[in-house]
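**Q** Need the 3D shape of this:
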Amino acid sequence: MDCRNYPGGLDGLVECFQPFLKHGPVKDGLSKIAKHFASEKHTGATFVADFEELLDPEEREIRQRDAYERVRYLLEKLRIVNVKGTTS
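**A** Predicted coordinates for the structure are as follows:
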């Protein structure tokens with residue numbers, strides 16, 4: 001599912017994850033995702049643009065930045081990363 005379309009938006013997704021954060025594998029998985037979204041140029045954001053088959057460089061850049069910002073917002077709210085971007 002694209003997090004842009006999650007019911008309740010990103011804040012709804014944060015609420016959905018909250019009960020599971022006490023489980024080590026969930027936190028480990030989110031930490032791994034954080035590494036792939038360390039910037040809009042890292043593999044996570046790049047894979048989003050690849051998946052959407054965006055060829056126009058400007059469109060790719062915009063989508064990568066959007067994916068990065070959304071994932072970082074989620075990870076910050078879940079306290080997987082801090083505002084400075086380092087993993088907790």
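**Q** If we ignore the residues flanking it in sequence, what's nearest residue 52?
**A** Of all residues not flanking residue 52 in the chain, residue 63 sits nearest, at 6.3 Å (C-beta to C-beta, 6 or more residues apart in numbering). Where C-beta positions appear, they are placed from N, C-alpha and C, glycine not excepted.
**Q** what comes up buried for the strand or helix carrying that neighbour?
**A** Per DSSP states H and E: residue 63 is located in helix 57-77. Neighbour-count burial for helix 57-77 flags 60, 63-64, 67-68, 70-77 (criterion: 16 or more other C-beta atoms under 10 Å).
**Q** farthest residue from the center of the chain?
**A** residue 56 (22.3 Å; C-alpha atoms, centre = their mean).
**Q** Against which helices or strands is whichever helix or strand residue 31 is part of packed?
**A** Secondary structure assignment for residue 31, by DSSP H and E: helix 24-36. Counting contacts by 3 or more C-beta pairs under 8 Å, 6 or more residues apart in numbering; DSSP states H and E, helix 24-36 packs against helix 43-51, helix 57-77.
**Q** Can I get the ones you listed in CSV including mean pLDDT?
**A** Below are those laid out as CSV (pLDDT from 0 to 100):
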stretch, mean pLDDT
helix 43-51, 95
helix 57-77, 96
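**Q** Can you say which of these is nearest to residue 20?
**A** helix 57-77 (13.3 Å; C-beta to C-beta).
**Q** contacting residues around the closest one?
**A** 3-4, 10-11, 13-14, 17, 30, 33-34, 37, 39-42, 44-46, 48-49, 52, 54, 81-83, 85 (C-beta atoms under 8 Å, 6 or more residues apart in numbering).
**Q** Please check those and keep the buried ones.
**A** 10, 13-14, 17, 30, 34, 37, 40, 44-46, 48-49, 54, 81.
**Q** pLDDT at the residue farthest from the centre of the chain, what is it?
**A** You'll see residue 56 listed with a pLDDT of 96.
**Q** OK, contacts around it?
**A** So residue 56 contacts nothing (C-beta under 8 Å, 6+ apart).
**Q** Pull up the gap between it and residue 31, please.
**A** 33 Å (C-beta to C-beta, to the nearest Å).
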